[in-house]
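Trainee: Sequence and predicted structure below; questions after.
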Amino acid sequence: MSEKILLGIVAFLTTLLIGLGFFWNPELPERVLPQAGMAAGGEFTLESAKGPVSLKDYRGKLVLVYFGYTYCPDICPTSLAGTAAGLNLLDPDELAQVAVIFVSVDPERDTPARLKEYVEFFHPSMVGVTGTPENLAEIAKRYGAFYARQPVEAAGGYVVDHSSETYVVGREGQMLSKIAHAAPPDEVAAEIRRRLK
Amino acid sequence: MKRISVLLAGLMISAGALAASADSVTVQNPYVRLAPPNAPATAAFMVLKNDGDKDVKVMKADNPTSKLTELHTHINDNGVMKMRPVAAIEIKAKGEAKLQPGGLHVMLINLKAPMKEGDVVPITLTFDDGSSKVVDAKVMKPVAAGMPAMEHKH
């Protein structure tokens, strides 16, 4: 009896599996996805080479916010080059509605003047800012960005572990989504366009 | 005649056994990423192919443009990128090791002078048997992921 039941179950599961194989065609997730549990984000004021920069200065624009540091030899250049290439896919009208803020979490080594030259190398529309360690820690926490100094014997004494997503902030200053590290330029541009609408 | 062929075979076998790691490794697409202004460090990338029958390890790298040269990798820990030095980069027999953005790289730390696009940086790789190889890596502008630096798409 129990054998029959077992066989029945096996037959059912086999059918289900075959059926799934044939008919279940899940949509593959895109690499750029609005996250379910997005961090709050919100206002901040930090220092740029041209004086204080606040998120609210960019009301009406879509703002991409990235946390990094200039001593970062690989991850930040890859992210920033991807973002810059994405910006270059936009038409001038769209580009005028987008701002990019690079927040250095390494204020000890990254002065606003250094940051300016660094970010403009990638794209002239990027702004580099930093602040006090306390201010940066508070902002990063609200944005869900993580960073931690690691005393690795390299790169001038320490490296900074950091989250590598780019935050997409809406025209009203509200957190919208995250762009994954190393997202290709067309995905960056697609996400910007989606959020500009 | 037979003796000569035995001798030749013997020579070939010993030559095979004595082949230096550096000789069994070929390097493809080496490049150094142009350091943005004020960035004191940058990375070199390449594909190392091991045509030999033995696993080979790169133990260290050296170059004249930076004060320090290290072998590094990145660990992606839930979106947090952690860069860490590695003791060696292993290239399996008949296999390859890819040094690419977001992963293994040769890190050039504390650049002595700003680089410019098109410069060539000679990078010396030293292998586990003490043999070494110089790789001429061209300096290239950072490009977005998925766009190989060697194929300039504009």
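Mentor: All right, it came through fine. Residues are numbered from 1 along each chain as shown, chains lettered A, B, ... in the order given.
Trainee: contacts, neighbours, all on C-alpha from now
Mentor: OK.
Trainee: So which elements touch the helix or strand harbouring residue A:76?
Mentor: Assigned by DSSP states H and E, residue A:76 falls within helix A:75-87. Where contact means 3 or more C-alpha pairs under 8 Å, 6 or more residues apart in numbering or on different chains; DSSP states H and E, helix A:75-87 is packed against helix A:112-122, helix A:185-196.
Trainee: Assign a three-state SS to residue B:61, would you?
Mentor: Of the three states, residue B:61 takes strand under DSSP: H, G, I helix; E, B strand; the rest coil.
Trainee: per-residue pLDDT, it?
Mentor: Predicted confidence (pLDDT) for residue B:61: 97.
Trainee: and it, what is it in contact with?
Mentor: B:69, B:70, B:71, B:106, B:123, B:124, B:125, B:126 (C-alpha atoms under 8 Å, 6 or more residues apart in numbering or on different chains).
Trainee: Can you name the residues bridging to the first one?
Mentor: As for beta bridges, residue B:69 partners with residue B:108 under DSSP bridges.
Trainee: tell me the pLDDT at it?
Mentor: Reported pLDDT for residue B:69: 94.
Trainee: And the helices in chain A?
Mentor: A:2-23, A:75-87, A:92-95, A:112-122, A:133-143, A:185-196 (DSSP state H).
Trainee: so of those, which one's packed in deepest?
Mentor: helix A:75-87 (a mean of 25; mean count of other C-alpha atoms under 10 Å in any protein chain shown).
Trainee: Need the CA coordinates for that one. CSV is fine.
Mentor: The C-alpha coordinates for helix A:75-87 follow below in CSV (Å, rounded to 0.1, in the frame of the first residue of the first chain):
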residue,chain,number,x,y,z
ILE,A,75,36.6,48.9,-8.0
CYS,A,76,36.0,52.7,-8.1
PRO,A,77,37.5,53.3,-11.5
THR,A,78,35.4,50.4,-12.9
SER,A,79,32.2,51.8,-11.3
LEU,A,80,33.0,55.4,-12.3
ALA,A,81,34.0,54.4,-15.9
GLY,A,82,30.8,52.4,-16.2
THR,A,83,28.7,55.3,-14.9
ALA,A,84,30.5,57.8,-17.2
ALA,A,85,30.0,55.5,-20.2
GLY,A,86,26.3,55.3,-19.3
LEU,A,87,26.1,59.1,-19.1
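Trainee: what's that helix in contact with?
Mentor: In contact with helix A:75-87 (C-alpha under 8 Å, 6+ apart) are residues A:68-70, A:95, A:122-123, A:164, A:166, A:181-189, B:81, B:101-102, B:142-145.
Trainee: which stretches of chain A have low pLDDT?
Mentor: The model of chain A has pLDDT under 70 over residues A:1, A:16-37, A:152-157.
Trainee: try 90 this time
Mentor: A:1-40, A:71-75, A:109, A:146-164, A:181-182, A:197 (pLDDT under 90).
Trainee: before we move on, what about chain B?
Mentor: Along chain B, segments meeting pLDDT under 90 span B:1-21, B:38-41, B:74-85, B:102, B:142-154.
Trainee: List, one by one, the residues from it near chain A.
Mentor: Contact residues, chain B versus chain A (C-alpha under 8 Å from any C-alpha of the partner chain): B:35-43, B:70, B:79-85, B:101-102, B:107, B:109-110, B:142-146.
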